[in-house]
Each structure stands twice: as structure tokens, then as C-alpha cells.
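S.K.: Quick one, fold the following:
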Amino acid sequence: MRGGQVSAALPRLPHSGSDAALVTRMLQLFSVLIAAGLFLACLTAYVLENYTVQQRSYGGAGEHPRGAQPPYPGGSMDNVFWFLQVSDIHISRFVDPQRAPDFQKFCTETIDVIKPEIVFVTGDLTDAKERNRIGSRQYEIEWQTYQTILKKSRVLEKTKWIDIKGNHDTFNIPSLESVNNYYRKYSAFQREGSFHYVHQTHFGNYSFISVDATPSPGPKRPFNFFGFLNQNKMDELLKLASETVYSNQTIWFSHYTTSTIISASPGIRHIMGSAVAYLCGHLHTLGGFMPVLHSRHEHGTLELELADWMENRRYRILVFDHDLFSFVDLKFDKWPVIVITNPKSALYSSPGHEPLGKIKESTHIRILAFSTAKVTSVLIKIDGITMGSAVQIKGPLHTLPWRPMNYGAGVHYIEVHAQDKAGRTTVAGHRFTMEDINLLPFDMMASFIIQAPHHITLKVIFILVLLINLFVIIAFRYLAKPRFKDTPGFFALVNFSFHVFSKTNILYYPVLLFTCYVAVGPWFIGEIIDDHFGACFVFGIIVDGHFLEGSLTFFCGILQLTFFNIPLICYLCWCLLLRCRGAYFRSHLKYTGWISSGLMHITMVGFLAWQAYACYFLQKTYGIVAFLLSPMRTWSLAFALALVYKAWNFTNSTIRTFKAEMKNCL
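M.R.: Below is the predicted model of the structure:
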């Protein structure tokens, strides 16, 4: 039979086992190259952003103008106040019915016990996701639930409640004047834009600057993950920053981490360089992988991301004690709560912003201890040696006399054991120092996550992946065709298959144009916001005459190239390699065997399934019009299937010279 003659003339190269190994090696090589490229791009962006040729140093305590001026931390209830932060509440009508009741308990029991002077709610008050968890819209019932909790708990009568918007609170909102902008109706503070709030005490004023980076108009998810500060918003923030000159301390707060804010010159971190801390939420512990996301900016400002209330039920107590800044991140309904305010943590010290010299002159260790039951014992240890039990002065303040000069050298560890009348015990501690030493380092990964400019990182990675993709297929187009002198090995076959692909016009030009289209063409046209049509490009979104700069779009572009375009090219190369050996789709198993062919086909079907899910996701997020008018998603599926069909069915004359070369080496 004809099939038998072909099989005899073109034996397996060299057998099915090595074909399976070939497929495996191709997949491994592809994975290694992509992973290496992504790692190098991330590392480069991080180094460029965070390191200079100068050693980063913030000097000692004397750098602060009030570093050693009285009053000093002592044994009385003076020069101290505390406040709370909670973030990412995500009141939802569809999931976690316990979320709202727990938050109401927080607004009653927790607030009643701690009695903060201010509560900052840093965004994502509501969830705004549809039942399928893919689509997004504002649900008035969620906002009504939030407002009802505030009214029933009467929390607004107990403290100053400042709630700001997050990205979920601006999903699917065409403008600030929209009737769907429920923040203006149901929030407590109801303040649009950035603002400056001054907290006045008898020992000085404290400034709190809110940074509103939420986009307007607010597109549906997922392209609402990054915040934006244009030049007008930056000028406004510069003006607000100038108003804090005479405040004892300044704190900035927002929903977004600075790494997820795209800001105009000179940049958000630069203009808040005089602040002791920047408070935010948004990242939700990254699914539990990064429960602590804290770092320090170049000018010494601390950036402190708070884990979410939504899943983790987290909140934060912050304290200014004689202008020394302390805080602790806490789990809801866990008592007692301990905040050590003097001596303060060395890790979170900021010499240029705090009068650290006051610690050396202090006369007492100062502890704030809170509980729903009476706190019966506050035991203090330093370097493992028991110092004694602190005495309650007033309210939560407990103090113990000490001699700071005994700890003048090196780094020491203070540990506090608090017990309440209910028998519950909490242990807290941190390192402290009196020396003017280099600041203790933060976790490198946490610093990268909340400091690296991720929109730039994603853009760099996208461009690298795109250029590598284009370079490979174009370079093979103009390289000389390889000639085999003996049986080719793995890399020789890979090289040969790319030559066949790049020199086969019917496949080369469509793939080249489609790859370029990912970078320049509209990915889809649809309802970016309900009843408001726009176009999505890799470099940004256009809707209602507004342009939102590309951010998460670059991440989607990376996924498109990595998990669709590049695998499609590799699959086509494999098909062409088999065609050069005389195989067609119905007969290719005799050249490769079931295992290697099955592995390759299943892998490609997996990538096609991923693309099909992306089409489904697009339809659920931006509507049926976006699904139908999406060259990069919906159309690309038909495009890929057409190319695969063509690769298996075009005439042999198209690759005649390559077939001859392959035949000569067998």
C-alpha cells in the first residue's frame, strides 16, 4: 500500500520515544525562556526603581528638628492619641453573609473598647461584583447595608469616621455625577477627590491627606485595578502638602498602594516625602501569600498596606505618642490588644520624620492595652529579662519606669505579655535601639510588591515578550535554510521547524500581522461602562472621550502572547515538521506515536480552551458586543483553527524543498 511505502521510506526519526522526548524538550525550553525573561524584566525594573549609587541613609535622631526637645515620654497620660484603619470591607449581596454582621460588631464592640479619635476606611466599602464573580456593577443594596451598619452602631457619634473610595466603589460609573455613584449618597464622609483633614489636639495639629486615585470614568473590572493621578490631581496634592508645614506629623492615605498608582511628574512618592507614613489597602495579602506588605520609601516615609476585612477580618491601631509613630495590625475579635509606643520599633523608625531622641530621654516604657474584659496584667521583658509589671495610668495606658541608658548600645528586644480578666493572653514584641544605626531592612519581596512601578514593569515585560516573538519569526525568515549532513538532533529539528514556518508565506504573514496587531490594534470594542461604548488597546482604554492609560492591559497582553500566540507558533512548527516527513493529520501518528502526539494536541487544546475562557470572560465583563467585536479574543480562535487546518492541508509543493532536505537526512 502507498502508506506502507511512505512508512518504509521515511522511518520514525528515530522512533516514537525520541519524538515524545522532542515534544517534552520543546515545552521545557519554551517555559524556561519565558520564565527567565519575566524574572529578568522584574529584577531590572526593581533595581532601577529602588537602588542608586549612593548608600541609603537617614541619619540619626538629631536629624529631626524636635529630636531631643521636651516633653518626653513619661508616666502620665499626655501627648498621645490613637486612631484606627480598616480597608477593603467589600459588603456583598452574594457572598459571605457573615461579613456585614462582623463589621457591625466591629463598629460597636471594637470601637467601644478602643475608643479611637478617628477611623479611616481606605476604600472598597462594597464589593460591586455580580453573582458570577466576573461581571461588575454598583448594587444599591450593598451601599444601603453599609450605611445601615453605621447608623445602627451609632459609630458616627463615637468617633470621626472618614471613608474614602476604592476601585470597587467606582466600578461601572460613567462620571461623579452619575446616579450610580452611591458613594455620594451612602458613605459617611461623602467627599470626592483628595482632601486634607487636620486633627487638632492641645499638644499640636496632625495632618491627614487623602489621595483619591480612583479613575473617572470608572470602567468595569478588570481594567480598574490601577489608580491614576493626572497633572491636575498632582498639582492639587502639592498644594495640600504645603498646608502641612506647621503640623506635628503628617500621614497620607489612599486605597491604592503607590506601586499601583500611575502618577504624573514628580510622582506620588516624591510629593509625600515629608509624611511619616502612607496608609493603604487594595492588595488583600495577595491571596494569603504576602500577609505583611510594609516598606520604606527613599525619603523615609513608611508605606503600610493593610490586609483586607473581606476575608481576613483585619484592622489596624495607630498611635502618635509624643510624636513617635507606632502601629499594630490586628485580627478582629482577638483580645487583648497591645501597642508598644515607647520604646518604638526600630524597623518602623523614620529618623527624618520622628523625634527619636525622645526615647533616650524618656523615663517610662509606655504600653497601650485594650480588651473587652479588664486588663489584669501587663508584664514587660527586655532581652528575656523580666522588668516588672506595668501600672495602669489612665484608660489603656500602662507604664513602667526604666533607664534608657542601660540599652544605649546595640539592638534589643522588648516583649509584653498582657492578660485580661477573661483569662486571655496576648504576647507582642519588637526590636528597638538607641543608636544612630542603619535602618533595619524590610522584606525584599514585600518592598518590590508595594514599591516597584508595576505599570512600567508590565510594559517592559510586554515589550520584551513581543520583541522576542517578532525577532524569532522574522530572523528565521532571512536566515539561510539549514542543511543536514547526518541525523539531526533536538535543537537542529527545532531550528529546522522554525525555518519551515518562517518561509511558508501562507502561515508566516498571518501570524506576523496578528502578533503586531496585539500591540497596535483595538482588542475589542464594547461597553466599557454600561451604555457607554469604548475601545480597549494594550496602551490604554478610550471611553466617552477619556483616555485611561494602559496598566493591567499590558498584563493581559503578556498572557495573550505567552499562552496563545507563542504556543500557536510552536504547534504550527511541529505540524510543519511532520508535513516535511510526509505526514498528514490522519497519518501523522505513525511518525510520532500516540504519546507524543497526544501530549502535543492536548497541550494545544489547553491553550485554545484558555483563549475560549478569555472570550467568555470578555462577554461577561463587557457584554455581547465586546465578544463579537474582539479581534484579539473571539476572532483569534477562528484564526488559530484556520491556520492549523491550513498547516495540515496545504499542498506539498509549498514545502517541497524542505521535504527533500528532510528526506536526504533519513
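S.K.: Can you find the helix or strand in this structure with the smallest mean pLDDT?
M.R.: Every helix and strand of the chain was ranked by mean pLDDT, DSSP states H and E. The lowest is helix 2-9, at a mean of 36.
S.K.: Name the spans of the stretch 351-500 of the chain whose pLDDT lies under the cut-off.
M.R.: 437 (pLDDT under 70).
S.K.: ah, wrong one, I meant the chain
M.R.: Ranges of the chain meeting pLDDT under 70: 1-68, 437, 589-591, 664-666.
S.K.: And the residue nearest the centre of it?
M.R.: Leu283 (5.2 Å; Cα atoms, centre = their mean).
S.K.: so what's that residue up against?
M.R.: Taking Cβ atoms under 8 Å, 6 or more residues apart in numbering, we find Leu283 in contact with 257, 260, 290, 293, 305, 449-450. (Glycine included, C-beta is placed from N, CA and C.)
S.K.: go again using 6 Å as the cut-off
M.R.: Neighbour list for Leu283: Glu305 [criterion: Cβ atoms under 6 Å, 6 or more residues apart in numbering].
S.K.: residues making contact with stretch 269-279?
M.R.: Outside stretch 269-279, the residues touching it (Cβ under 6 Å, 6+ apart) are 85, 237-238, 241, 249-253, 258, 297, 299, 301-304, 325, 350, 353.
S.K.: Which positions in it come out as buried?
M.R.: 269, 271-279 (16 or more other Cβ atoms under 10 Å).
S.K.: again, but for stretch 90-102
M.R.: Applying 16+ other Cβ under 10 Å to stretch 90-102 flags 90-93, 99-100 as buried.
S.K.: Relative to Ala519, which of the residues you listed is nearest.
M.R.: Ala519 has its nearest neighbour among those in His90, at 35.0 Å by Cβ to Cβ.
S.K.: Surely that closest one is in contact with Asp127?
M.R.: Yes: counting by Cβ atoms under 6 Å, His90 touches Asp127, with 4.2 Å between them.
S.K.: show me where the stretch 201-350 of the chain has strands.
M.R.: 204-211, 227-229, 249-254, 261-263, 277-280, 293-296, 302-305, 314-321, 324-331, 337-342 (DSSP state E, counting those that start in this stretch).
S.K.: Leaving out sequence neighbours, find the closest residue to Phe585.
M.R.: Excluding the flanking residues, the one nearest Phe585 by Cβ to Cβ, 6 or more residues apart in numbering is Trp648, at 4.2 Å.
S.K.: got it, and His294?
M.R.: Ranked by Cβ to Cβ, 6+ apart and with sequence neighbours excluded, the top spatial neighbour of His294 is Leu304, at 5.3 Å.
S.K.: what residues are up against the one you found?
M.R.: 277, 279, 294.
S.K.: how close does it get to Ser295?
M.R.: Distance, Leu304 to Ser295, by Cβ to Cβ, to the nearest Å: 8 Å.
S.K.: got it, and Phe658?
M.R.: From Phe658 over to Ser295 (counting by Cβ to Cβ), the distance is 55 Å.
S.K.: circling back to that earlier point, just the contacts of Leu304 now: which is nearest Ile382?
M.R.: Distances from Ile382 to the contacts of Leu304, taken by Cβ to Cβ, are shortest for His294, at 23.8 Å.
S.K.: okay, now that closest one: neighbour count?
M.R.: 19 (other Cβ atoms under 10 Å).
S.K.: From Lys239, how far out is it?
M.R.: In terms of Cβ to Cβ, His294 sits 29 Å off from Lys239.
S.K.: Then Asp329?
M.R.: 32 Å.
S.K.: Which one of these two is surrounded by more residues?
M.R.: Remark: of Asp329 and Lys239, Asp329 carries more neighbours, 18 against 11, as counted by other Cβ under 10 Å.
S.K.: The more buried one reaches Leu318, doesn't it?
M.R.: No: Asp329 is not in contact with Leu318 according to Cβ under 6 Å; the separation is 10.0 Å.
S.K.: ok, back up a step: output the strands of the stretch 201-350 of the chain in JSON lines, with distance to Leu641 appended to each entry.
M.R.: Converted to JSON lines, these look like this (distance: least, Cβ to Cβ, whole Å):
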{"stretch": "strand 204-211", "distance to Leu641": "48"}
{"stretch": "strand 227-229", "distance to Leu641": "38"}
{"stretch": "strand 249-254", "distance to Leu641": "46"}
{"stretch": "strand 261-263", "distance to Leu641": "37"}
{"stretch": "strand 277-280", "distance to Leu641": "45"}
{"stretch": "strand 293-296", "distance to Leu641": "43"}
{"stretch": "strand 302-305", "distance to Leu641": "44"}
{"stretch": "strand 314-321", "distance to Leu641": "47"}
{"stretch": "strand 324-331", "distance to Leu641": "51"}
{"stretch": "strand 337-342", "distance to Leu641": "60"}
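S.K.: Which element, helix or strand, includes the closest residue to Leu286 other than its chain neighbours?
M.R.: Spatially, and ignoring its direct neighbours in sequence, Leu286 is nearest to Ile449 (7.1 Å; Cβ to Cβ, 6+ apart). Per DSSP states H and E, Ile449 falls inside helix 444-451.
S.K.: What are the contacting residues of that helix?
M.R.: Everything outside helix 444-451 that qualifies as a contact, by Cβ under 6 Å, 6+ apart, is 46, 257, 259, 293, 295, 303, 305.
S.K.: Make sure the fifth one is actually in contact with Thr301.
M.R.: No: with contact defined as Cβ under 6 Å, Ser295 does not count as touching Thr301 (9.7 Å).
S.K.: Find the nearest non-adjacent residue to Gln144, please.
M.R.: Nearest residue to Gln144, sequence neighbours excluded (Cβ to Cβ, 6+ apart): Tyr186, at 6.5 Å.
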